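K.L.:
any chance you could fold what I've pasted below:
(2 chains)
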Amino acid sequence: MSTPEQAAPPPVAVESPRADFMRRFLSGDLGFLRVLIILVVIWAIFYSQNDRFLSAQNLTNLVLQITAIGLISVGVVLVLLLGEIDLSVGAVSGLCAAIMAVLQVKHGWDPYLAIAAGIGAGTLIGALQGSIFAYIGVPAFVVTLAGLLAWQGALLYVLGDTGTVNITNGKIVGLANTFYSTSTSWIIGVVVIVLYAGVNLWGYRRRVAAGLADQAFGPILFRIVVVAGAVVAAIAIFNQDRGLPLAALILGGFVAGFQYVISRTKYGRHIFAVGGNIEAARRAGINIATIRVTVFALAGTMAAIGGIMGASRLLAVNQSSGGSDLLLLAIAGPVVAGTSLFGGRGTVWSALLGALVIGSISNGMDLLNYQSSVKFMVTGGVLLVAVIIDALARRQRQAQGRV
Amino acid sequence: MNSNAPLLQLKGVSKRFGPVQALNDIDFEVRPGEVVGLVGDNGAGKSTLVKTIAGIYSPDEGEFYFDGQPVSITGPKAAVALGIATVYQDLALCDNLDTVANLFLGQEEIAGGVGEVLRQLDEVDMEHRSHELLDQLSVTIPSVRSEVGTLSGGQRQQVAVARSLLGEPKLVLLDEPTAALGVSQTAQVLALITRLKERGLGVVVISHNLADVFQVVDRIFVLRLGSRAGDFDADQTTQEHVVGAITGAQFGDKPAGENRSEGDR
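P.N.:
Now for the predicted structure:
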């Protein structure tokens, strides 16, 4: 049946892949490119003020500094995709690091067992909060706000009267302080590039073979080149200093792994569905409660892993672990890098890129000897600008009839 | 059209909500390849009847027969298992997902991969089947890979209907499919309903728009205050008669074209 509608399809239909690419770039669907530009600008500014900012040593330090927050943000992204928020991730990261440290230092546990206990505690806490949210119906905001207070109290309780637990165990300290040799670093880098290119090219070939080659090859090649370039540059920089840090590998591994989960698996698809239209998800037979509980459990798990990495870098857990601005920055990072606060839109890459942006500001201002007061205000300003861009992109989508 | 046995047959179905008699002794049937328009004023019981068939409400009294067999529809899943698909007015699509993802939501196909939970979605196969399905139904959308939020209302409605067909249903219930659609989009959706009929599916369409109803339906079933107020062959009646039955203006008076008064059974 031919109808007038077919004669006048919406403008999206007639766009060339390149025009579509540009539109998506500008409207924020390709938020990761936008945030790369923000990152380059920030780096250029700090470099112009102090050329040590882009030194191999400082960039390696930057990566070590953002590991904890980036890992916590990975869990935050999952929660944001549901359209919810988890205010407890900071407190949970501190508590779980303390559980690990106390078990290992005061009770003499095997370090790996202590790490597992810390991570397990995070999973349980997340699952508990998720269950209260999913089954009793208390808004996640309130559940995790209560958690924020309660787990901070639990942190003080676990630490006891000493207040600070110093970590000396080589295995725990090694998590954030291991660097690979030059050759090992390059081998790891090449493996990462080959894997990434392989997965992308294989997927493209399968689509072509199936006669679905509507996806332009240009953007895929572009993506591979960008990722390969970034990996080569990163390894080259790391090798000028101490080599590829294990911490970077852990962060990158979790980011890539969870990106796979959300974009390629049924579970990830269902997370997006719940975040996009919960009623549609329910009618499609998706178990909403299961998705909610598991996502919050994963957020707690990632918070614990982030907290443990942070403790490993600082060689200690104390009463302010997981406190201060950690929570807000862990949420701000992904939002700066394009994950929507409204649910259903975002990537796990935004956890990494957002942590890089926020970490760069913090690192650069430390390097320039700015006080905390200025740091907070500038970080707040960047967050505000990023959210304004997000809101404008959303408005543009709505103007195009895309909600 | 009415030569074959009913696909779905309801006998003496009643449903009460407290003091409200939402459905009162309803006899209703749909045959394969038949489009039945379900009309009535607000509160006449149209949605209650559809939700009872879809398994959302359980009737207080009455018998259900599907394909000639007595059945009891205990819940939405039982209805789906029988082959009854329902497309609700508010569509239930995820705007942030593309057409392929929406079509297969909740019944995704899984390709090979490591571990049960981490199996990869078979996007290629799902996209292939999406094209097939949409082509069969002559549904045209810009790209099955653009977000559903970018589609027009008519296209979204067609995607929602196409989605309901993935489970190979025998009966499709459409709740106000043309509400809030423009003229050309309404035409698209009505054309789609005709194609469902051509595929031999039974279709029940709730609509307020009699002009639309008359374009596609074979039979018009009128509800008024929870009771059957008329059952017309579409080509033997007029909109005036149907309106009369809806409003009760011709209550007690047998209008021309009515072919299934109580005495006929």
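
K.L.:
strands along the chain, start to end?
P.N.:
This is for chain A. A:164-166, A:316-318 (DSSP state E).

K.L.:
my bad, chain B
P.N.:
Counting by DSSP E, the strands of chain B are B:8-17, B:20-30, B:35-40, B:61-66, B:69-71, B:84-87, B:171-175, B:202-206, B:219-224, B:227-233.

K.L.:
and those strands: which comes nearest residue A:224?
P.N.:
Closest of the strands of chain B to residue A:224 is strand B:84-87, at 41.2 Å (criterion: Cβ to Cβ). (Each C-beta comes from the backbone N, C-alpha and C, glycine too.)

K.L.:
can you pull out the low-pLDDT segments for the stretch 151-265 of chain B?
P.N.:
B:250-265 (pLDDT under 70).

K.L.:
what's the burial count for the nearest residue to residue B:177 once chain neighbours are set aside?
P.N.:
Using Cβ to Cβ, 6 or more residues apart in numbering or on different chains and skipping residues adjacent in sequence, the residue nearest residue B:177 is residue B:189, 5.2 Å away. When neighbours are counted by other Cβ atoms under 10 Å in any protein chain shown, residue B:189 registers 24.

K.L.:
contacts only, for residue B:189.
P.N.:
B:154, B:157-158, B:161, B:177-178, B:181 (Cβ atoms under 8 Å, 6 or more residues apart in numbering or on different chains).

K.L.:
could you work out the most separated pair of those?
P.N.:
B:161 and B:181 (12.4 Å).

K.L.:
so who does the one residue in the stretch 151-300 of chain A that gets nearest to chain B touch?
P.N.:
With Cβ to the nearest Cβ as the measure, residue A:284 is the residue of the stretch 151-300 of chain A nearest to chain B, at 3.2 Å. Under the criterion of Cβ under 8 Å, 6+ apart, the neighbours of residue A:284 are A:273, B:92, B:105-107.

K.L.:
which among those end up buried?
P.N.:
A:273, B:92, B:105-106 (16 or more other Cβ atoms under 10 Å in any protein chain shown).

K.L.:
in helices, which of the residues you listed appear?
P.N.:
residue A:273 (DSSP state H).

K.L.:
just the buried ones among the contacts of residue A:284 now: which is nearest residue B:71?
P.N.:
The closest of these, once distances to residue B:71 are taken by Cβ to Cβ, is residue B:106, at 23.3 Å.

K.L.:
and the closest one, how far is that from chain A?
P.N.:
3 Å (Cβ to the nearest Cβ, to the nearest Å).

K.L.:
neighbours of the closest residue to residue B:159 other than its chain neighbours, just the number please.
P.N.:
Setting aside the residues directly before and after it, residue B:159 is nearest to residue B:99 in space (Cβ to Cβ, 6+ apart), at 5.6 Å. By other Cβ under 10 Å, the residues close to residue B:99 number 29.

K.L.:
residue B:99 is in contact with residue B:139, isn't it?
P.N.:
No - if you go by Cβ atoms under 8 Å, residue B:99 and residue B:139 don't touch, sitting 9.4 Å apart.

K.L.:
can you check which residues contact both of the two?
P.N.:
Counting by Cβ under 8 Å, 6+ apart, the residues touching both residue B:99 and residue B:139 are residue B:159.

K.L.:
re earlier: reformat the strands of chain A as CSV; add mean neighbour count and distance to residue B:43.
P.N.:
Converted to CSV, the strands of chain A look like this (neighbours: other Cβ atoms under 10 Å in any protein chain shown; distance: least, Cβ to Cβ, whole Å):
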stretch, mean neighbour count, distance to residue B:43
strand A:164-166, 15, 68
strand A:316-318, 22, 64
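
K.L.:
would you turn those into CSV with mean pLDDT and distance to chain B?
P.N.:
Converted to CSV, the strands of chain A look like this (pLDDT from 0 to 100; distance: least, Cβ to the nearest Cβ, whole Å):
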stretch, mean pLDDT, distance to chain B
strand A:164-166, 92, 35
strand A:316-318, 92, 32
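
K.L.:
can you pull out the helices in chain B?
P.N.:
B:46-53, B:76-82, B:99-103, B:123-136, B:153-165, B:183-198, B:210-216, B:239-247.

K.L.:
cool, and the stretch 51-200 of chain A?
P.N.:
A:56-81, A:89-101, A:111-131, A:140-159, A:170-177, A:182-209 (DSSP state H, counting those that start in this stretch).

K.L.:
so which of these is the most packed in?
P.N.:
helix A:89-101 (a mean of 31; mean count of other Cβ atoms under 10 Å in any protein chain shown).

K.L.:
tell me the average confidence for it?
P.N.:
Helix A:89-101 shows a mean pLDDT of 96.

K.L.:
what's the most buried one of the helices of chain B?
P.N.:
helix B:99-103 (a mean of 26).

K.L.:
that helix - contacts with which helices or strands?
P.N.:
Applying 3 or more Cβ pairs under 8 Å, 6 or more residues apart in numbering or on different chains; DSSP states H and E, one finds that helix B:99-103 contacts helix A:266-276, helix B:123-136, helix B:153-165.

K.L.:
swap in 7 Å and give it another go.
P.N.:
helix B:123-136, helix B:153-165 (3 or more Cβ pairs under 7 Å, 6 or more residues apart in numbering or on different chains; DSSP states H and E).

K.L.:
what about the longest one, near chain A?
P.N.:
When you say that, I think you mean helix B:123-136. Yes - shown here: helix B:123-136 in contact with chain A (Cβ under 7 Å from any Cβ of the partner chain) through B:124, B:127-128.

K.L.:
and of these, the nearest to residue A:145?
P.N.:
residue B:127 (42.3 Å).

K.L.:
who are the contact partners of the closest one?
P.N.:
A:212, B:100, B:144 (Cβ atoms under 7 Å, 6 or more residues apart in numbering or on different chains).

K.L.:
residues contacting the closest residue to the last one other than its chain neighbours?
P.N.:
By that I understand residue B:144. If the residues on either side of it in the chain are set aside, residue B:144 comes closest to residue B:99, at 4.3 Å by Cβ to Cβ, 6+ apart. Going by Cβ under 7 Å, 6+ apart, residue B:99 touches B:130, B:141, B:144, B:148, B:159.

K.L.:
any idea how far the residue nearest to residue B:177 lies from residue B:88?
P.N.:
According to Cβ to Cβ, to the nearest Å, residue B:189 and residue B:88 sit 14 Å apart.

K.L.:
burial measure for residue A:163, as a count.
P.N.:
Neighbours of residue A:163 using other Cβ under 10 Å come to 11.

K.L.:
just the pLDDT for the nearest residue to it once chain neighbours are set aside.
P.N.:
Sequence neighbours aside, residue A:319 is the residue nearest to residue A:163 in space, at 5.3 Å (criterion: Cβ to Cβ, 6+ apart). Residue A:319 is assigned a predicted lDDT (pLDDT) of 87.

K.L.:
what's the answer for residue A:213, then?
P.N.:
61.

K.L.:
then the one 10 residues further on?
P.N.:
Note for residue A:223: predicted pLDDT of 84.

K.L.:
can you check residue A:3 too?
P.N.:
40.
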